[in-house]
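Student: need coordinates for the following:
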Amino acid sequence: MGAHTFSVHIDGDITAEEAYNIAVEDAIYEYGHDSYNGTISTTSGFKILSSKSLSREEVKKRARQAFDNDEVEKWEAAGAIRTTDGWLFIGWAAS
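Tutor: Coordinates of the predicted model:
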C-alpha cells in the first residue's frame, strides 16, 4: 500500500472540526469509503498546526515545514492550518 500527500482547503468562518468534517464528507462522497482512496478520509482526525490566521505565503511555508519535520504521517491525523479565509488540511493519504 502506498501513500501520497494531499491538501484540502475549506472556506468559511468555521471551526477546524467543522471544516475537517466537511472535507472528509466531501472526500467520501466523491471517492467512497475505501480506506485506500487517497483522500483526507483515510486520516484518523486532525491536529492543529497553526490556529493563527496565516497569509497565503505563510501557509505554504508552514505546510512545507510540517512535511519536512514529519509532523504529519500516513494514517495519522491531518495537519490543520488556519488561513485568512478558512482551514487548510495537509497530510499523507493511504492509496
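Student: Trp75 contacts Gly91, doesn't it?
Tutor: No. Using Cβ atoms under 8 Å, Trp75 makes no contact with Gly91, being 9.4 Å away. Quick note: C-beta positions are derived from backbone N, CA and C, even for glycine.
Student: which one of the two has more residues nearby?
Tutor: Shown here are Trp75 and Gly91; by other Cβ atoms under 10 Å, Gly91 has more neighbours (28 against 14).
Student: skipping its backbone neighbours, what lies nearest that one in space?
Tutor: Ala78 (3.9 Å; Cβ to Cβ, 6 or more residues apart in numbering).
Student: ok, Tyr20 next?
Tutor: Nearest residue to Tyr20, sequence neighbours excluded (Cβ to Cβ, 6+ apart): Phe46, at 4.8 Å.
Student: ok, Ile22 next?
Tutor: Spatially, and ignoring its direct neighbours in sequence, Ile22 is nearest to Ile10 (5.2 Å; Cβ to Cβ, 6+ apart).
Student: helices or strands up against the longest helix anywhere in the chain?
Tutor: The helix that spans the most residues within the chain, counting by DSSP state H, is helix 16-31. Applying 3 or more Cβ pairs under 8 Å, 6 or more residues apart in numbering; DSSP states H and E, we find helix 16-31 packed against strand 3-11, strand 46-54, strand 78-83, strand 86-94.
Student: if we go to 6 Å?
Tutor: Packing partners of helix 16-31 (3 or more Cβ pairs under 6 Å, 6 or more residues apart in numbering; DSSP states H and E): strand 3-11, strand 86-94.
Student: now Ser51: how far from Val59?
Tutor: Ser51 is 13 Å from Val59, where distance means Cβ to Cβ, to the nearest Å.
Student: higher neighbour count, the two?
Tutor: Each of Ser51 and Val59 has its neighbours counted (other Cβ under 10 Å); Val59 has more, 20 against 11.
Student: list the contacts of the more buried one.
Tutor: Taking Cβ atoms under 6 Å, 6 or more residues apart in numbering as the criterion, Val59 is in contact with 81, 83, 88.
Student: which one of these sits closest to Val24?
Tutor: Closest approach between those and Val24, by Cβ to Cβ: Leu88, at 14.6 Å.
Student: what's the spacing between that closest one and Glu73?
Tutor: Counting by Cβ to Cβ - Leu88 and Glu73 are separated by 18 Å.
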